[in-house]
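> sequence unavailable; structure follows:
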C-alpha cells in the first residue's frame with residue numbers, strides 16, 4: 001500500500017508583493033531576506049498570478065474550507081460579533097455547517113495539528129479547532145495579540161487585559177498558562193528581572209511568541225519522527241502550523257505521514 005506524503009502548508013497574509021527575498025531581487029533591494037522561502041520557490045513552482053483575499057480572517061476561512069471568502073466570510077470582525085438573524089452561522093468565522101480541510105484529511109488517515117493564529121470563529125464549541133478536525137492546537141483566537149504579553153483588549157466588565165493564548169490537545173483544553181511571560185516582559189525589556197524590594201530577584205520568562213510557535217511546530221514533527229523510528233506511527237500525521245511573523249501573519253500547515261516524501265506550498269496575499 002503506497003504511503004501518504006507529508007504536507008507542509010504555509011499561509012502568509014497581510015503581506016506585500018515585495019516582502020520576500022525572491023521578489024526583492026527584481027528591484028535590487030536586499031533589506032528583506034527570506035532564504036528558506038526563496039529555496040522553496042526555487043525548488044518548487046511559483047504561482048505569480050495567484051490571488052487571495054487582502055486580510056486575515058477571510059484568508060483563513062478560505063484555506064480552511066477550500067471556498068472563496070465571498071462564500072464563507074469577508075468581514076474581518078472580532079470573534080465576539082454575532083448576528084441573531086442568521087440562524088445558520090450567526091457568528092464571526094466559518095459557519096458550523098461547512099466542512100474544513102482538517103476533517104477531510106482525517107478521513108484520509110491523517111492526524112491533524114495546528115499552531116498559531118485561529119481567527120475563524122470562537123463563539124461556540126462548533127467553532128473550536130477540535131470541531132474542525134484538529135487533534136491539537138496552540139495559538140490565539142483573535143486577529144492579533146501582543147507578542148510578549150499575549151494581551152488582546154480588555155473585558156467590557158473589567159479593567160484587566162484579556163490574554164489570548166490557548167492550548168488544546170488530548171489532555172488539555174484551556175489557556176496556556178505555562179507559556180505566560182513574566183509581568184515585566186515586553187518588546188523593550190526582553191531580559192526582565194522579577195522581585196520587589198526585599199525579595200529575591202529572579203529572571204522572568206520572556207519568550208517571543210513566534211519562537212513559542214516555532215518550538216511547538218518543531219516538537220510536533222520530532223515527536224512524529226520518534227514514533228516512526230519506534231514503529232508507533234500507525235497512521236499518517238498532519239500538522240497545521242499558524243505562526244505570526246513580526247508585523248505580518250503566517251500560517252504553516254504541515255502534514256506528515258510514515259512516508260519519507262514531502263510536499264510543500266506557500267502563498268501570499
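Cool, the structure landed. Keep in mind that this is a model prediction, so the values were computed, not measured. Numbers count the residues shown, from 1 in each chain.
> distance from the chain centre to the helix or strand hosting residue 225, please.
Applying DSSP states H and E as the criterion places residue 225 in helix 209-230. Once both centres are worked out by C-alpha atoms, centre = their mean, to the nearest Å, helix 209-230 turns out to sit 14 Å from its chain's centre.
> that one packs against which elements?
Using 3 or more C-beta pairs under 8 Å, 6 or more residues apart in numbering; DSSP states H and E, the elements in contact with helix 209-230 are strand 111-115, strand 136-139, strand 237-245, strand 248-256. C-betas here are computed from N, CA, C, even on glycine.
> mind listing what residue 64 touches?
By C-beta atoms under 8 Å, 6 or more residues apart in numbering, residue 64 lies in contact with 94, 100-102, 120, 132.
> rerun that using 7 Å as the cut-off
If you count contacts by C-beta atoms under 7 Å, 6 or more residues apart in numbering, residue 64 has them with 94, 100-101, 120, 132.
> what are the boundaries of the helices in this protein?
Applying DSSP state H to the chain gives helices spanning 21-24, 35-43, 56-65, 101-107, 209-230.
> so for the longest one, mean pLDDT?
What that stands for is helix 209-230. In this model, helix 209-230 has a mean pLDDT of 87.
> where does the protein have low pLDDT?
For the chain, applying pLDDT under 70 flags the ranges 1-2, 26, 158, 194-201, 232-269.
> buried set for stretch 204-211?
Judged by neighbour count (16 or more other C-beta atoms under 10 Å), stretch 204-211 contains these buried residues: 204, 209.
> please apply the same query to stretch 107-119.
So for stretch 107-119, counting by 16+ other C-beta under 10 Å, buried means 110-119.
> residue 31: neighbour count?
Residue neighbour count, defined by other C-beta atoms under 10 Å, stands at 6 for residue 31.
> I misspoke; the intended subject was residue 50.
Other residues within reach of residue 50, judged by other C-beta under 10 Å, total 11.
> my guess is residue 100 contacts residue 63. True?
No - the pair residue 100 and residue 63 fails to qualify as a contact (C-beta atoms under 7 Å) at a distance of 9.4 Å.
> about what we covered before: mark which of the contacts of residue 64 are buried, thanks.
For the contacts of residue 64, a burial check counting by 16+ other C-beta under 10 Å picks out 94, 100-101, 120, 132.
> can you tell me which of those residues comes closest to residue 167?
Nearest to residue 167 out of these is residue 132 (C-beta to C-beta; 16.0 Å).
> for residue 150, find the nearest of the helices of the chain.
Nearest of those (C-beta to C-beta): helix 209-230, 6.9 Å.
> what residues sit buried inside the closest one?
209, 212-214, 216-217, 220-221, 224, 228.
> separation between residue 172 and residue 166?
Using C-beta to C-beta, to the nearest Å, residue 172 is found at 10 Å from residue 166.
> what do you get for residue 60?
On the measure of C-beta to C-beta, residue 60 and residue 166 end up 16 Å apart.
> those two: which has the busier surroundings?
residue 60 (26 against 20).
> from residue 100, how far off is that one?
For residue 60 relative to residue 100 (C-beta to C-beta), the value is 10 Å.
> and if you look at residue 75?
For residue 75, the distance to residue 100 (C-beta to C-beta) stands at 19 Å.
> same question, residue 142
Going from residue 142 to residue 100 by C-beta to C-beta gives 19 Å.
> how about residue 3?
Taken as C-beta to C-beta, the span from residue 3 to residue 100 is 24 Å.
> show me what contacts residue 127?
91, 93, 96, 121.
> switch the residues you listed over to CSV; also include distance to residue 35 and neighbour count.
Shown next, in CSV, are these (distance: C-beta to C-beta, whole Å; neighbours: other C-beta atoms under 10 Å):
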residue, distance to residue 35, neighbour count
91, 40, 20
93, 34, 27
96, 41, 17
121, 35, 26
